[in-house]
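K.L.:
below are the sequence and a predicted model for it; my questions follow.
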Amino acid sequence: MIKHNESISLCEVRVFLKKSKDSELNEFIKNFSKLETKDAKELRKKLENLSLLKLKKENITKIIEILPQNKEELNKIFNDLSLDENEINAILNTIREFE
């Protein structure tokens, strides 16, 4: 039974798969996640604390997955709306803390 639906990154999925015996799935997640679980959670918290109205949980998950390095990469995540320069800089500066 599904209790609630929430968007999480591959890094955060690791927590749920620690007990899994599916080594192929664990290896896949290890190969494609760019951050450790702890760092992903901290980045999520910092992005949420920016209090940007346009920044939804789904966008934050995509940011954690992709870790965009510039304005163009970041704008690909926000294809349905546009961010102003201050919002872009705030997000990119937060991401740079985790490089």
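P.N.:
Cool, got the structure.
K.L.:
for the residue nearest the centre of the chain, give its distance to K54.
P.N.:
The residue lying closest to the centre of the chain (CA atoms, centre = their mean) is I64, at 2.0 Å. Between I64 and K54 the distance is 17 Å, computed by CB to CB, to the nearest Å. Where you see a C-beta, it was placed from the backbone N, CA and C, and this is true even at glycine.
K.L.:
same question for N86.
P.N.:
11 Å.
K.L.:
tell me, how many residues neighbour L35?
P.N.:
Counted with other CB atoms under 10 Å, residues neighbouring L35 total 20.
K.L.:
what about the strands in the protein?
P.N.:
Shown for the chain, no strands are assigned by DSSP state E.
K.L.:
do a quick rundown of the helices in it.
P.N.:
Along the chain, the stretches classed as helices by DSSP state H are 10-17, 23-32, 37-49, 57-66, 71-77, 85-96.
K.L.:
list the contacts for the spatially closest residue to I64 that is not a sequence neighbour?
P.N.:
Using CB to CB, 6 or more residues apart in numbering and skipping residues adjacent in sequence, the residue nearest I64 is S9, 4.1 Å away. By CB atoms under 8 Å, 6 or more residues apart in numbering, S9 lies in contact with 33, 35, 40, 44, 61, 64-65.
K.L.:
tell me which of these has the lowest pLDDT.
P.N.:
On pLDDT alone, S33 ranks lowest of the contacts of S9, at 81.
K.L.:
K71 versus that one, what's the distance?
P.N.:
From S33 over to K71 (counting by CB to CB), the distance is 24 Å.
K.L.:
re the thing from before, which residues touch the residue nearest to the centre of the chain?
P.N.:
9, 11-12, 35, 40, 43-44.
K.L.:
please apply the same query to L52.
P.N.:
87, 90-91.
K.L.:
ok, now how distant is it from M1?
P.N.:
Counting by CB to CB - L52 and M1 are separated by 34 Å.
K.L.:
what does I8 give?
P.N.:
I8 is 18 Å from M1, by CB to CB.
K.L.:
for F28, same thing?
P.N.:
From F28 to M1 the distance is 26 Å (CB to CB).
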